[in-house]
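Engineer: no sequence on this one, just coordinates:
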DNA sequence: CGCGGGGCTTAACGCAGGTTAGTGGCACAG
DNA sequence: CTGTGCCACTAACCTGCGTTAAGCCCCGCG
């Protein structure tokens, strides 16, 4: 049970250390495990859900599709990420979440979260914090798609994904599994698949990065970051110490 | 006092009706009023802040600048919006907020928010909800910049801004104040100022929209929305009814 | 073992939107 | 009333990226 909760706990502790009590409470409310094959939707736009899904394994993405089929991938989800804290507060899901690779999830029921938030205000804050970090990433993506060239965009995305996977222990040295097709990269970066290919070749020739068989290898991390203009601040991965005093465990002073 | 808090209360009540008690508490924690001239930064990247700023009047924006000067506007802030709930939970600000027109703000101190969140868990939820709505808008912007043509983008932006201003009572019939230059529109939509101008002319010729002297007039709302592929769902403006049960006022059941 | 489909790669060509370089209007300072 | 500077607007030209259309490899399936 706790093993399953570990990746979530690890992430939330980037915000503030949790007490044993809080960790146990988190672990206890994690429910049934599900598996989804690659390409399957985990949560669909407009759908009601039974609870909040926690990604245990695999890579997923948020996306939106326009009526004529144009698709934009809006975020990636890695192990430890929660799919839809938002349907808990927002009535409807305004986008879809799909598995990119085979994905394993655990469900946390609405009641369990409700209970959790009532008893453990620090967990509430930690969860809120995690949605704010997501938003911060989303904002950086606007900059990426809006202002950077194809080369910079791709480099930036690689830096970001690598940093995120590293933070959950899914990299080895300078490489990581990255189960994305060039089409999916294109839908992420708002480029055509052809141009993604051109750009990948260019990066390969420059000995920056190679990307083959769903394996990303970063040959020159410094050069890649500087080509991307990458600065990891916006990922908030480094043991955040909030300005505001941390709440005591009981709600009332 | 309450008059100042009104726009914030109105917004939060889109999530769930507040009790008199909660409204009073909100009103009470609103502090000093400040004025900023157009173009001035309200909150700067990396800066520590004294508290959370509430926009009372005027239009502001979030933006990021790349080292070489390319700028991307990431969000607009209208009266009732909070600038930086995030610095309360995230250590540092990862972007800047600037006034687009003369702006009036009120400060809510960190202590006041802290207090508020401890005593009124429903307010905590309402504030969290408001950050989730912001994120939802941010996501739609990725789609806008990534997938839509210049014409669609501009049309979509106009629909969005009009809907948001309408929700805070800042429109008259089919028109509203919109204190933006074409350069600012360009930085928002990731276009050049020249192309924004071309596109504006085209919309004017099509009798969809005119935009002169900081006044936006929408001549054909239906046509504009359909040209934009606009659907207001993602703005969550319509009296959200959360799936999860609303918490009672006391934290403990 | 042959066939079909998905993903990768390349080349040729076209276009949406960028860039540069103007003009004119208007507000405000001196 | 004359600079100065910002903003809107236009035209001419340019380019990064999209589109189309191949061909290739690999893998799973009949």
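Structural biologist: Great, that's in hand. Not measured: the values here are computed from a predicted model. Residues are numbered from 1 along each chain as shown, chains lettered A, B, ... in the order given.
Engineer: Once you drop chain neighbours, what's closest to residue A:223?
Structural biologist: Leaving aside its chain neighbours, residue A:223 sits nearest to residue A:208 (5.7 Å; criterion: CB to CB, 6 or more residues apart in numbering or on different chains). The way it works is simple: take the backbone N, C-alpha and C, and place the C-beta from them, glycine included.
Engineer: what's the neighbour count on the one you found?
Structural biologist: Residue neighbour count, defined by other CB atoms under 10 Å in any protein chain shown, stands at 21 for residue A:208.
Engineer: now it: how far from DNA strand C?
Structural biologist: According to CB to the nearest atom of the strand, to the nearest Å, residue A:208 stands 15 Å off from DNA strand C.
Engineer: The most centrally placed residue in chain A pairs with what?
Structural biologist: Residue closest to the average C-alpha location in chain A (CA atoms, centre = their mean): residue A:77, at 3.2 Å. Counting by DSSP bridges, residue A:77 forms beta bridges with residue A:60.
Engineer: Would you mind listing the residues in contact with it?
Structural biologist: For residue A:77, the residues meeting the contact criterion (CB atoms under 8 Å, 6 or more residues apart in numbering or on different chains) are A:55, A:59, A:60, A:61, A:62, A:83, A:97.
Engineer: Contact partners for the fourth one?
Structural biologist: In this case it means residue A:61. Here residue A:61 is in contact with A:73, A:74, A:75, A:76, A:77, A:97, A:98, A:100, A:184, A:188 (criterion: CB under 8 Å, 6+ apart).
Engineer: Could you confirm residue A:88 falls within a helix?
Structural biologist: Yes - with the criterion set as DSSP: H, G, I helix; E, B strand; the rest coil, the secondary structure at residue A:88 is a helix.
Engineer: Test my guess that residue A:209 contacts residue A:215.
Structural biologist: No - with contacts defined as CB atoms under 8 Å, residue A:209 does not count as touching residue A:215, sitting 10.9 Å away.
Engineer: Low-confidence bits of chain A, can you list those?
Structural biologist: Regions of chain A meeting the criterion pLDDT under 70 cover residues A:1-2, A:239-253.
Engineer: got the residues of it near DNA strand C?
Structural biologist: Residues of chain A lying close to DNA strand C (CB under 7 Å from any atom of the strand) are A:181, A:182, A:183, A:193, A:194, A:197, A:198, A:200, A:201, A:212.
Engineer: Report how many residues lie close to the closest residue to DNA strand D within chain A.
Structural biologist: For chain A, the residue closest to DNA strand D is residue A:195, as judged by CB to the nearest atom of the strand, at 2.9 Å. The number of residues packed around residue A:195, counting by other CB under 10 Å, is 14.
Engineer: OK, contacts around it?
Structural biologist: Going by CB under 8 Å, 6+ apart, residue A:195 touches A:150, A:186.
Engineer: can you map out the strands along chain A?
Structural biologist: Listed in chain order, the strands of chain A (DSSP state E) span residues A:30-36, A:41-43, A:51-57, A:60-65, A:71-77, A:96-99, A:103-109, A:171-172, A:175-177, A:209-212, A:215-218.
Engineer: right, and those strands - which one's nearest residue B:174?
Structural biologist: strand A:60-65 (28.0 Å; CB to CB).
Engineer: Centre of the chain to the closest one, how far?
Structural biologist: Taking CA atoms, centre = their mean, to the nearest Å, the mean C-alpha location of strand A:60-65 is offset from the chain mean by 12 Å.
Engineer: what angle do it and strand A:71-77 make?
Structural biologist: With axes from the mean of the first three to the mean of the last three CA atoms, to 10 degrees defining the directions, strand A:60-65 sits at 160 degrees from strand A:71-77.
Engineer: and the helix ranked longest in chain A, which residues are buried?
Structural biologist: Counting residues, the longest helix in chain A under DSSP state H turns out to be helix A:121-147. In terms of neighbour count (16 or more other CB atoms under 10 Å in any protein chain shown), helix A:121-147 has its buried residues at A:121-147.
Engineer: for the contacts of residue A:61, which one is nearest residue A:176?
Structural biologist: In terms of CB to CB, no member of those lies closer to residue A:176 than residue A:76, at 12.4 Å.
Engineer: show me the contacts for the closest one.
Structural biologist: By CB under 8 Å, 6+ apart, residue A:76 lies in contact with A:59, A:60, A:61, A:100, A:161, A:164, A:188.
Engineer: Which part of the stretch 1-150 of chain A gets nearest to DNA strand C, residue-wise?
Structural biologist: For the stretch 1-150 of chain A, the residue positioned closest to DNA strand C under CB to the nearest atom of the strand is residue A:39, at a distance of 7.9 Å.
Engineer: for that residue, what are its contacts?
Structural biologist: With contact taken as CB under 8 Å, 6+ apart, residue A:39 is in contact with A:98, A:99, A:100.
Engineer: gap between it and chain B?
Structural biologist: When CB to the nearest CB, to the nearest Å is applied, the distance between residue A:39 and chain B equals 20 Å.
Engineer: show me where the stretch 151-253 of chain A has helices.
Structural biologist: A:182-189, A:193-205, A:221-228 (DSSP state H, counting those that start in this stretch).
Engineer: hey, which of those is tucked in deepest?
Structural biologist: Per-residue neighbour counts averaged over each of the helices of the stretch 151-253 of chain A give the maximum for helix A:182-189, namely a mean of 21 (mean count of other CB atoms under 10 Å in any protein chain shown).
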